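Asker: Model the structure of this input:
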Amino acid sequence: MTAGRGTLVQIKIGDGESPELFSTISGLYITEMALQNHHATRDHVRVDSWKSAIESSGTRNITFSGTGYFSNSAEQNTLLQSAITGNARNYQMHFSNGDILSGSFLVQEYSRGANANREEEYNLTLTGTGNISLTNT
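Answerer: The predicted structure follows:
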């Protein structure tokens with residue numbers, strides 16, 4: 001079996017206006033996508049000693065981490081500004097199969113760098129801050 005590559009997604013960021021317009025920031029190879037569901041449980045003692053999770057309760061969180069390349073300096077500045085301000089912005093992740101994941105995200109981590117004679121790349125981690133929706137196509 002050959003090693004797989006990260007999933008390439010196109011990242012778009014909203015302008016915060018109404019109606020909100022989204023502009024492409026860059027492509028990002030997703031190296032990790034984590035969805036955590038922390039369900040509330042019933043705390044009473046049961047005969048079988050197992051906790052009982054309550055459906056559709058508790059908190060959820062989603063994070064994306066990946067590596068990408070910018071195609072122009074305006075894209076770099078938009079993402080850097082979002083990281084510096086620490087404000088949540090609306091993002092859309094467009095997957096190659098046509099699915100779109102959208103919602104409010106914070107830039108949790110942002111770094112840039114390159115080796116000699118190579119393109120500069122960036123590393124990014126986005127953390128969801130509210131309701132996240134998935135549109136299947």
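
Asker: any idea which element the spatially most central residue of the chain lies in?
Answerer: Taking Cα atoms, centre = their mean, the centroid of the chain lies closest to residue 64, which sits 3.6 Å from it. Using DSSP states H and E, residue 64 sits within strand 59-69.

Asker: The next helix or strand after that strand: which residues count as buried?
Answerer: As assigned by DSSP H and E, the chain's next helix or strand after strand 59-69 is helix 73-85. Neighbour counts using 16 or more other Cβ atoms under 10 Å place 75-76, 78-79, 82-83 of helix 73-85 among the buried residues. No exception for glycine: its C-beta is placed from N, CA and C like everyone else's.

Asker: could you redo those as JSON lines and give each row distance to residue 34 and pLDDT?
Answerer: Below are the buried residues of helix 73-85 laid out as JSON lines (distance: Cβ to Cβ, whole Å; pLDDT from 0 to 100):
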{"residue": "75", "distance to residue 34": "25", "pLDDT": "78"}
{"residue": "76", "distance to residue 34": "26", "pLDDT": "83"}
{"residue": "78", "distance to residue 34": "25", "pLDDT": "86"}
{"residue": "79", "distance to residue 34": "21", "pLDDT": "87"}
{"residue": "82", "distance to residue 34": "20", "pLDDT": "90"}
{"residue": "83", "distance to residue 34": "20", "pLDDT": "92"}
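
Asker: Nice, that's everything, thank you.
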